[in-house]
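> Okay, sequence plus prediction incoming.
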Amino acid sequence: MWSENPSVQIVCWRMLNRLKNEGWASEALDILYLDDETLAEAKKTGDHENDGYVSFHEDSIGQRLLEGDTVVLTKTLDVKGSSLKATLGTVVKNIRLVADNIEQIEGKIEGQTIVILTKYLRKQN
């Protein structure tokens, strides 16, 4: 942050900007000085236009879910449009994350691909 090297200043500005919702990062960003040319270079990524909040798929206890994880159902679920009943404790392997909704994942149960709400899942370690 206090480096004279413009590359270091740019990286510091970008990282602090991503964390600007944290009090300490916001304060550090307020006192960080960049000349106009360096600031313009730092803004080229467009990160400063985001709200700084990044959302992830999380299970019922807040563990982050990733593509290919294995999860366990924490509730018996009736599958809409099917006679299938996904029972408590059912293991769902190799999940896929629904890109436009962080509250949903896709997984196969008894050969059928279904969408499951993340609030009814627990990540299996």
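Sure thing, it's come through.

> contacts, neighbours, all on C-alpha from now
OK.

> pLDDT wise, what is the closest residue to Ile102 other than its chain neighbours at?
Leaving aside its sequence neighbours, Ile102 sits nearest to His57 (Cα to Cα, 6 or more residues apart in numbering; 4.8 Å). If you check His57, the pLDDT there is 91.

> pretty sure His57 contacts Thr118?
Yes. Between His57 and Thr118 there is a contact at 7.4 Å, judged by Cα atoms under 8 Å.

> joint contacts of those two?
Listed as contacting both His57 and Thr118 by Cα atoms under 8 Å, 6 or more residues apart in numbering are 103-104.

> With neighbour numbers in mind, choose between those two.
With neighbours defined as other Cα atoms under 10 Å, His57 and Thr118 compare such that Thr118 has more, 24 against 19.

> re the thing from before, ok, the residue nearest to Ile102 - contacts?
Applying Cα under 8 Å, 6+ apart to His57 gives the contacts 64-66, 97, 102-104, 118.

> end-to-end on stretch 19-38?
20 Å (Cα to Cα, to the nearest Å).
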